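A.B. asks: 3D, please:
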Amino acid sequence: MKREKFGSRLGFILVSAGCAIGIGNVWKFPYLCGEYGGAAFILIYLLFLLIMGIPVLICEFAVGRGSRLSVAAGFEKIEPKGARWHRLKWIGIFGCYLLMMFYTSVAGWMLHYCYKSLKGEFEGATPDMVNAAFGDLLSNAPSMIFWTILICLIGFGVCFFGLKGGIERVTKVMMTALLLIMVVLAVHSVFLKGAGEGIRFYLIPDFGKMAEVGIGNVIFNAMSQAFFTLSIGIGAMHIFGSYLDKDRSLMGEAATITVLDTSVALMAGFIIIPACFAFGVEPGAGPSLIFITIPNIFAQMAGGRIWSALFFLFLTFAAFSTVVAVFENLVSFNMDMLGWTRRKSVVVCGILIIILSMPCVLGFNVFSGIQPLGEGSTIMDLEDFIVSNNLLPLGSLGYVLFCTRENGWGWKNFLAEVNTGTGIRFPAAVRPYVAYVLPLMIVAIYLKGYWDKFAGMGTTALVGWMTVAVILLGFVAFCASGKERQ
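C.D. replies: Numbering: from 1, shown residues only. Modelled structure (predicted):
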């Protein structure tokens, strides 16, 4: 079966950026900036994007383009005979499925709130009414099921029409609209009365706050956000590398996508933080910021119905761009591993994801008594923990080791693939850093994530969970072991 290709470089950049751009860019990045010293945090974040995020992204793109297959079959094609690297594919396969098992629900929330905004349901609403609206949504199983299924049907419908006719065409329109809406919202927000204090809070370095929360905490959180923002590690970017021609080097493409992703994160801060300060609302993190704080602001704002609808349309595009990108991974797995047609794979994956999404949907209502990670946790929290705290860092570690170790793809093969085509060259001299320092940084992020998650549960629980972390690291080490390429 002939491999599909992007119709244009712009299509590749926008689809890949759409995969990277998600809800975390909108709520988490602005919050972290305010929490950890404003512009000082941003500078550290940008540094880690350059020295950590971009190299891992390049590794994932390179394996994709070098193999011309998805993560489900890419390692087998370019690994040495008798190697075990291909077992890493299960990190990507499970990661993409698990991500969509809860991310479809999140995308459904965005679409639901866009619909509510267009209807004007937040106009004149009291804070108590806005606060209750999100809880009502979560407790309403039929409504949650409807919006989740709708997202799945639209997403797989786009994938049904293929790379050029569906994904690339729709994503170009959607990402262009997302960027335009984002600029309009940011301009409107920064000119609100009282927004100046929010801009200062967001952009002026506050070294006193950095010292207060601890320089180490600031550095680690900047490093973690830089790592997770690009959706690297589970093959979500690998697939788009496999569709890419060899006209341009991968360094420049990865840098362009990173700039787009970062621009959305920075612009989200200009949308949210000044508006919060203009209306005397303390910016918070997580769903409460998006579904409670922001609607309360729009309820007080002149023309709030329009701005609220635009904001949630922006969020819907941000979420849906990721959904479509990962759906394409799921579809490609069956095409590469089983030789299925696109049509058959879309139908099977669509039905499967709808079914697999139900535990998360029902975890807020029917199955709310199931609290897998302690009191107050949900099935979504467990699924998110498995993906974010395990599969993303473990998969990224696997890609880096595969590209740099001589018993894997090897540095020479990797470098030749990365530097094929015109554009910025990836320097050969950084091999010691990529091969040794970068893996240690990824392991530090991985283990610190476990520590932060379980340190408050007592020594026994912490030791137990850290043992699990080490065992999973052992799986990557097992895949990476073996004789050097002859």
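A.B. asks: Give the burial count for residue 280, as a bare number.
C.D. replies: If you count neighbours by other CB atoms under 10 Å, residue 280 ends up with 9. C-beta here means a position set from N, CA and C on the backbone, and glycine is covered the same way.
A.B. asks: Number the residues from 245 up from this point.
C.D. replies: Let's use 245 as the start, then, which means that last one is residue 524.
A.B. asks: and it, what does it touch?
C.D. replies: Shown in contact with residue 524 (CB atoms under 8 Å, 6 or more residues apart in numbering): residue 438.
A.B. asks: quick one: secondary structure of it?
C.D. replies: Classification of residue 524 by DSSP: H, G, I helix; E, B strand; the rest coil places it in coil.
A.B. asks: I'd like to know how far it sits from residue 673.
C.D. replies: According to CB to CB, to the nearest Å, residue 524 and residue 673 sit 52 Å apart.
A.B. asks: low pLDDT regions in the chain?
C.D. replies: Scanning the chain for pLDDT under 70 picks out the ranges 245, 526-532, 727-730.
A.B. asks: And the strands in it?
C.D. replies: For the chain, no strands are identified by DSSP state E.
A.B. asks: Show me the longest helix that occurs in it.
C.D. replies: Criterion DSSP state H: the longest helix present in the chain is helix 548-582.
A.B. asks: For that one, which helices and strands make contact with it?
C.D. replies: For helix 548-582, the elements it packs on are helix 253-264, helix 267-279, helix 333-363, helix 385-404, helix 413-434, helix 482-486, helix 538-544, helix 586-606, judged by 3 or more CB pairs under 8 Å, 6 or more residues apart in numbering; DSSP states H and E.
A.B. asks: Would you mind listing the residues in contact with residue 682?
C.D. replies: 296, 299-300, 644.
A.B. asks: try 10 Å this time
C.D. replies: By CB atoms under 10 Å, 6 or more residues apart in numbering, the contact set of residue 682 is 295-296, 299-300, 303, 640-641, 644-645, 648, 674, 676.
A.B. asks: State the distance from the residue lying closest to residue 521 once chain neighbours are set aside to residue 513.
C.D. replies: With CB to CB, 6 or more residues apart in numbering as the criterion, residue 521 has its nearest non-adjacent residue at 3.2 Å, and that residue is residue 442. Counting by CB to CB, the gap from residue 442 to residue 513 is 9 Å.
A.B. asks: Repeat that for residue 676.
C.D. replies: Residue 676 sits 36 Å away from residue 513, going by CB to CB.
A.B. asks: between those two, which one's more packed in?
C.D. replies: Neighbour count, other CB under 10 Å: between residue 676 and residue 513, residue 513 has more, with 27 against 10.
A.B. asks: Can you report how many residues lie near the spatially closest residue to residue 270 that is not a sequence neighbour?
C.D. replies: Nearest residue to residue 270 in three dimensions, chain neighbours excluded: residue 512, at 4.5 Å (CB to CB, 6+ apart). Residue 512 is flanked by 26 other residues according to other CB under 10 Å.
A.B. asks: now do residue 481
C.D. replies: 28.
A.B. asks: From residue 435, how far off is it?
C.D. replies: Counting by CB to CB, the gap between residue 481 and residue 435 amounts to 36 Å.
A.B. asks: where does the residue positioned nearest the centre of the chain fall, phi/psi-wise?
C.D. replies: The residue lying closest to the centre of the chain (CA atoms, centre = their mean) is residue 475, at 3.9 Å. With angles defined as degrees, to the nearest 10, residue 475 sits at phi 60, psi 40.
A.B. asks: Distance-wise, check it relative to residue 665.
C.D. replies: According to CB to CB, residue 475 and residue 665 sit 23 Å apart.
A.B. asks: Report the contact partners of residue 655.
C.D. replies: Residue 655 makes contacts with 647-649, 672, 675, 678-679, as judged by CB under 10 Å, 6+ apart.
A.B. asks: at 8 Å what do you get?
C.D. replies: 647-648, 672, 675, 679.
A.B. asks: Could I get the buried residue list for the longest helix of the chain?
C.D. replies: 548-549, 551-581 (16 or more other CB atoms under 10 Å).
A.B. asks: so how far is residue 542 from the closest residue in space to residue 722 that isn't next to it in sequence?
C.D. replies: In space, and not counting its chain neighbours, residue 722 is closest to residue 328: 6.6 Å by CB to CB, 6+ apart. To residue 542, residue 328 is 53 Å away according to CB to CB.
A.B. asks: Comparing those two, which residue is more hemmed in?
C.D. replies: When residue 328 and residue 542 are compared on other CB under 10 Å, the one with more neighbours turns out to be residue 542, at 24 against 15.
A.B. asks: In helices only, show me the contacts of residue 682.
C.D. replies: Those of the contacts of residue 682 mapping onto helices are 299-300, 303, 640-641, 644-645, 648, 676, per DSSP H.
A.B. asks: wait, which of those is closest to residue 428?
C.D. replies: residue 300 (33.1 Å; CB to CB).
A.B. asks: ok, the closest one - contacts?
C.D. replies: Residues in contact with residue 300 (CB under 8 Å, 6+ apart) are 471, 474, 476-477, 640, 643-644, 682, 686.
A.B. asks: Output the residues you listed in JSON lines; the columns should cover distance to residue 349.
C.D. replies: Output for those, formatted as JSON lines (distance: CB to CB, whole Å):
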{"residue": "471", "distance to residue 349": "24"}
{"residue": "474", "distance to residue 349": "22"}
{"residue": "476", "distance to residue 349": "23"}
{"residue": "477", "distance to residue 349": "22"}
{"residue": "640", "distance to residue 349": "25"}
{"residue": "643", "distance to residue 349": "28"}
{"residue": "644", "distance to residue 349": "31"}
{"residue": "682", "distance to residue 349": "33"}
{"residue": "686", "distance to residue 349": "28"}
